[in-house]
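K.L.:
sharing a model that was predicted from the sequence below.
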Amino acid sequence: MHMIGHAYDILVIVLSVTLFVLLVVSIVVAIFVAKLVKSLRRIAEKGVLIADKAEATVTNIQETANLAGLAKMASSFMSLFSKSKKGE
């Protein structure tokens, strides 16, 4: 019976150490995961800002292209009008 008592003591010690190691490893992993999530959130926020800026840039380019088209059309109309006046 005395031998079985030592076996249980050894088993309890081994299990206690194993659980302690797993607890420490779990805490370290949880800290790294929290840091990773925080970094991913910052990256996502920057991505949203970049997308917003890109959208604003595209809108500005479209407006500039529209204005350039209008200016070209007005210029061609003015040159056509001036040519027709010279022809009179």
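P.N.:
Thanks, I have the structure now.
K.L.:
now the helices: where do they sit in this protein?
P.N.:
For the chain, applying DSSP state H gives helices covering 2-87.
K.L.:
so where's it shaky on pLDDT?
P.N.:
1-2, 80-81, 83-88 (pLDDT under 70).
K.L.:
if we go to 90?
P.N.:
For the chain, the stretches flagged by pLDDT under 90 are 1-8, 51-52, 54, 56-88.
K.L.:
if I look at the most centrally placed residue in it, how far off is residue 37?
P.N.:
Residue closest to the average C-alpha location in the chain (C-alpha atoms, centre = their mean): residue 44, at 2.5 Å. From residue 44 over to residue 37 the distance is 10 Å, taken as C-beta to C-beta, to the nearest Å. C-beta: built from backbone N, CA, C; applies to glycine.
K.L.:
please apply the same query to residue 24.
P.N.:
21 Å.
K.L.:
how about residue 13?
P.N.:
36 Å.
K.L.:
next: residue 69.
P.N.:
From residue 69 to residue 37 the distance is 48 Å (C-beta to C-beta).
K.L.:
what of residue 27?
P.N.:
Counting by C-beta to C-beta, the separation of residue 27 from residue 37 is 16 Å.
K.L.:
ditto for residue 8
P.N.:
Using C-beta to C-beta, residue 8 is found at 42 Å from residue 37.
K.L.:
with residue 5 instead?
P.N.:
Residue 5 is 47 Å from residue 37, by C-beta to C-beta.
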